[in-house]
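**Student:** Quick check, what structure comes out for this input:
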Amino acid sequence: MTKKSLREVLAELLADQLVSVQERLGETTIVVKAEDMLSALTLLRDAEGLLFSQMTDLCGMDYSEYGEGDWQGRRFAVVYQLLSLVNNQRLRVRVFAEEDDFPVLASVTQIWPGANWFEREAFDLFGIIFTGHPDLRRILTDYGFVGNPFRKDFPLSGHVEMRYDPDQQRVVYQPVTVEPRVVTPRIMREETYGCN
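**Tutor:** Alright, predicted model coming up:
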């Protein structure tokens, strides 16, 4: 009897929970519906023939300008990188949030407890809400930070800046003040640069 490929096992076990399966450069990526994600991810972890017991990474994605603006699907997704030590296989799972204005997905901390800080990072940087997360708060930016810096529509200069005010003897937040300037390389500014 021949051993089934990962694609065949996924199609058999996940059936209508799968949106798509793609194999590219020796890696398998599946897209799972948001409403089915917890049952599908639990199945990926527990099912004989899969046993993806380890989630090695989780990251948020903003597809708003993907493919030079040709993207037609949902804006925000979370990508899970899974590893089956027993079967020596890797799998990438992508789940798109249903709402673009307020992206919400279920937390997978009950499936892989190590997802805790990864979900906090995706919340902080992309603004993706994870329902059921035990402690969803910012992890990389300051608690007073405005916005989500990895969103494609976040301004490069930010919204506010933080500085120490010696008169008030404390840290203060103020609107960002960026003076546009043209940077001319030193070699072009000074005619005598590099000459002895």
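
**Student:** helix, strand or coil for the most centrally placed residue in the chain?
**Tutor:** With distances taken as C-alpha atoms, centre = their mean, G60 lies nearest the centre of the chain, 1.4 Å away. What DSSP: H, G, I helix; E, B strand; the rest coil gives for G60 is strand.

**Student:** so how far is F123 from it?
**Tutor:** G60 sits 8 Å away from F123, going by C-beta to C-beta, to the nearest Å. The way it works is simple: take the backbone N, C-alpha and C, and place the C-beta from them, glycine included.

**Student:** and F123, how many neighbours?
**Tutor:** Residues lying near F123 (other C-beta atoms under 10 Å) number 21.

**Student:** quick one: it and R138 touch, right?
**Tutor:** Yes - using C-beta atoms under 8 Å, F123 makes contact with R138 at a distance of 7.4 Å.

**Student:** picking up where we left off before, and the pLDDT at the residue nearest to the centre of the chain?
**Tutor:** On the pLDDT scale, G60 is placed at 97.

**Student:** does it have beta-bridge partners, and which?
**Tutor:** Beta-bridge partners recorded for G60 (DSSP bridges): V78.

**Student:** list the contacts for the closest residue to G132 other than its chain neighbours?
**Tutor:** Excluding its sequence neighbours, the residue lying closest to G132 (C-beta to C-beta, 6 or more residues apart in numbering) is S107, at 4.3 Å. By C-beta atoms under 8 Å, 6 or more residues apart in numbering, the contact list for S107 reads A115, E119, F130, T131, G132, H133, P134, L136.

**Student:** Could you list which residues are in contact with L82?
**Tutor:** Shown in contact with L82 (C-beta under 8 Å, 6+ apart): L44, F52, Q54, M55, T56, R90, L91, R92, V93.

**Student:** returning to that earlier point: ok, now which ones touch the residue nearest to the centre of the chain?
**Tutor:** F76, A77, V78, V79, E121, A122, L125, F126, I128, F150.

**Student:** tell me which of those residues is nearest to Y164?
**Tutor:** L125 (25.3 Å; C-beta to C-beta).

**Student:** Most neighbours among the contacts of L82, which one?
**Tutor:** Going by other C-beta under 10 Å, F52 tops the contacts of L82 with 26 neighbours.

**Student:** That one reaches L44, doesn't it?
**Tutor:** Yes - F52 is within contact range of L44, at 4.6 Å (criterion: C-beta under 8 Å).

**Student:** returning to that earlier point: buried ones among the contacts of G60?
**Tutor:** Buried positions within the contacts of G60, assessed by neighbour count (16 or more other C-beta atoms under 10 Å), are F76, A77, V78, V79, E121, A122, L125, F126, I128, F150.

**Student:** circling back to that earlier point, find the residues that touch each one of G60 and F123.
**Tutor:** Common contact partners of G60 and F123 (C-beta under 8 Å, 6+ apart): none.
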